[in-house]
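Peer 1: With the sequence up front, the predicted model follows.
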Amino acid sequence: MQNTEITASSRLTMRTFMLQWAPSLVTAGLLWAATAAGRIPIPGTPVPITLQTLVVMMAAMVLSRRQAVVAVVMYVAMGACGLPVFAGGMSTLALVGASAGFIFGFVPAVAVTATLVAAVQRVSARWGGVHDGAGNATSANNGHHAMNGTADDGGMGVAAGRSADGTIAQAGRVTARWALRFVAYWAAAVIGCIVLHYACGLLVQSAVTGVPLRLIASASAGFLPGDLCKAALAATVATTFRR
């Protein structure tokens, strides 16, 4: 009996680990892999372009806020412990260098983005519930009118027309809802993983290098087109697959 209880407890612990912590570990590993996949240097700034921002955006949109934040904290802690997880195979020294603000900035960036994504989901769920109710009411009314048409004048054509109109209207609502969710997710990524992240990175870089913030911001503008595209990709995945 005791062995059975221990086995059940072990299974529960393993299941909890897989559901709560494994996604964070995988994401931290992906952040490491994103730096190993290559980097593109930007003239005028020591910070290169990598796929890390895309991984952070995806984590904020797919994982819970706690899982996303834990993943980024794990990644930073790995570098602090001496593992070569940062761009260029750097570790601890990167946390006191020109790119330190971008590395530490991943934490507030993913937290803010995940918070905004959760808010979008709550609003979307409420809005979807309201429209589902309206759709059901419309369907009921159409059915009522169709019955009257059949009884009075054999209005099968009228019922079919209303059914087609209802289908088109429903498709329009689904498309509009998808588009609005996409824009909201994209805006969340832009606010958290671009605006806030850039602010953290550029301010620290200016303080460390002594270069005026205006010049650093001008040189770092090369990041923007790619990051906007990454935000669009992450928003597309989240809008399509997250409910």
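Peer 2: Yes, it's here.

Peer 1: Need the per-residue pLDDT for residue 90.
Peer 2: pLDDT for residue 90: 88.

Peer 1: what packs against the strand ranked longest in the chain?
Peer 2: The residue-count maximum for a strand in the chain (DSSP state E) belongs to strand 45-49. For strand 45-49, the helices and strands in contact under the criterion 3 or more CB pairs under 8 Å, 6 or more residues apart in numbering; DSSP states H and E are strand 40-42, helix 197-209, helix 223-241. C-beta here means a position set from N, CA and C on the backbone, and glycine is covered the same way.

Peer 1: Can you dump the C-alpha atoms of that strand in CSV for me?
Peer 2: C-alpha atoms of strand 45-49 as CSV (Å, rounded to 0.1, in the frame of the first residue of the first chain):
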residue,chain,number,x,y,z
THR,A,45,26.7,48.9,-32.2
PRO,A,46,28.3,45.9,-30.5
VAL,A,47,24.9,44.1,-30.2
PRO,A,48,24.2,41.7,-33.1
ILE,A,49,20.9,40.6,-34.6
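
Peer 1: Just give me how far it sits from the chain centre.
Peer 2: Distance, stretch centre to chain centre, for strand 45-49: 23 Å (CA atoms, centre = their mean, to the nearest Å).

Peer 1: Over to stretch 204-224?
Peer 2: 26 Å.

Peer 1: Renumber starting at 6 from here on
Peer 2: All set: I'll call the first residue 6, so the last point we hit is now stretch 209-229.

Peer 1: Show me what counts as buried in it.
Peer 2: Buried residues in stretch 209-229, counted by 16 or more other CB atoms under 10 Å: 209-211, 221-222, 224-225, 227-228.

Peer 1: Only C-alpha atoms, please: export it in CSV.
Peer 2: Taking C-alpha atoms only, stretch 209-229 is exported to CSV below (Å, rounded to 0.1, in the frame of the first residue of the first chain):
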residue,chain,number,x,y,z
VAL,A,209,22.5,50.6,-20.4
GLN,A,210,24.6,50.6,-23.6
SER,A,211,24.9,54.4,-23.5
ALA,A,212,25.9,54.3,-19.9
VAL,A,213,28.5,51.6,-20.4
THR,A,214,30.1,52.9,-23.6
GLY,A,215,29.7,56.6,-22.9
VAL,A,216,28.2,57.1,-26.4
PRO,A,217,25.3,59.6,-26.6
LEU,A,218,21.9,57.8,-26.5
ARG,A,219,20.8,59.5,-29.8
LEU,A,220,23.7,58.0,-31.7
ILE,A,221,23.2,54.5,-30.2
ALA,A,222,19.5,54.7,-31.0
SER,A,223,20.3,55.7,-34.6
ALA,A,224,22.7,52.8,-35.0
SER,A,225,20.3,50.4,-33.5
ALA,A,226,17.5,51.3,-35.9
GLY,A,227,18.8,48.3,-38.0
PHE,A,228,17.1,46.0,-35.4
LEU,A,229,13.7,47.4,-36.0
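
Peer 1: quick one: contacts of that stretch?
Peer 2: For stretch 209-229, contacts defined as CB atoms under 8 Å, 6 or more residues apart in numbering pick out 47-52, 54, 101-107, 109-110, 199, 203, 206-208.

Peer 1: Any of those residues buried? List them.
Peer 2: Taking 16+ other CB under 10 Å as the criterion, what is buried in the contacts of stretch 209-229 is 50, 52, 54, 102-107, 109-110, 199, 203, 206-207.

Peer 1: And the furthest pair within those residues?
Peer 2: Pairwise distances across the buried ones among the contacts of stretch 209-229 peak at 21.6 Å for 102 and 199 (criterion: CB to CB).

Peer 1: show me where pLDDT drops low in the chain?
Peer 2: Along the chain, the parts satisfying pLDDT under 70 run over 6-24, 43, 49, 133-171, 248.
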